[in-house]
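Q: Next comes the sequence, and after it the predicted model I'd like to discuss.
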Amino acid sequence: MNSIKMIHTIARYYNTNERMTGLFVKITNQMINNCKYNILNFRRIRRGETGKKGQPQNDDVLWDHEAYPPDELIEMLQSCIELNQAYLK
């Protein structure tokens, strides 16, 4: 957030409310996309298969308790909630 404050203070292009709003929208959308990716692929990430994003996962796999144990899934969801809370502060 300090970097965004510096951008608003120094950069000529981003010193308007409209442009800062656009920047926050882009940052927020990227955070949401990363959380969705991490939730759907946390098993592959933990195994070290992080290369390219590969085939997009369907969210139906979240209901497969063997492939996605609830304990591990809850941990990943909690980290996304904590990210949201930190972003709101």
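A: Here it is on my side, so go on.

Q: For Leu73, list the residues it contacts.
A: 39, 42, 62 (CB atoms under 8 Å, 6 or more residues apart in numbering). Every residue, glycine included, has its C-beta placed from N, CA and C.

Q: could you redo the last one with a cut-off of 7 Å?
A: Residues near Leu73 by CB atoms under 7 Å, 6 or more residues apart in numbering: Leu62.

Q: Give the burial count for Asn85, as a bare number.
A: Slight slip there: residue 85 is Gln, not Asn. By other CB atoms under 10 Å, 9 other residues sit near Gln85.

Q: Can you point out the buried residues in the host helix or strand of it?
A: Using DSSP states H and E, Gln85 sits in helix 70-88. Under the neighbour-count criterion of 16 or more other CB atoms under 10 Å, helix 70-88 has 73, 76-77, 80 buried.

Q: Those into a markdown table, with extra columns for pLDDT and distance to Cys35?
A: Output for the buried residues of helix 70-88, formatted as a markdown table (pLDDT from 0 to 100; distance: CB to CB, whole Å):
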| residue | pLDDT | distance to Cys35 |
| --- | --- | --- |
| Leu73 | 86 | 13 |
| Met76 | 89 | 9 |
| Leu77 | 91 | 9 |
| Cys80 | 94 | 4 |
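
Q: Where does His65 sit: helix, strand or coil?
A: Following DSSP: H, G, I helix; E, B strand; the rest coil, His65 is assigned to coil.
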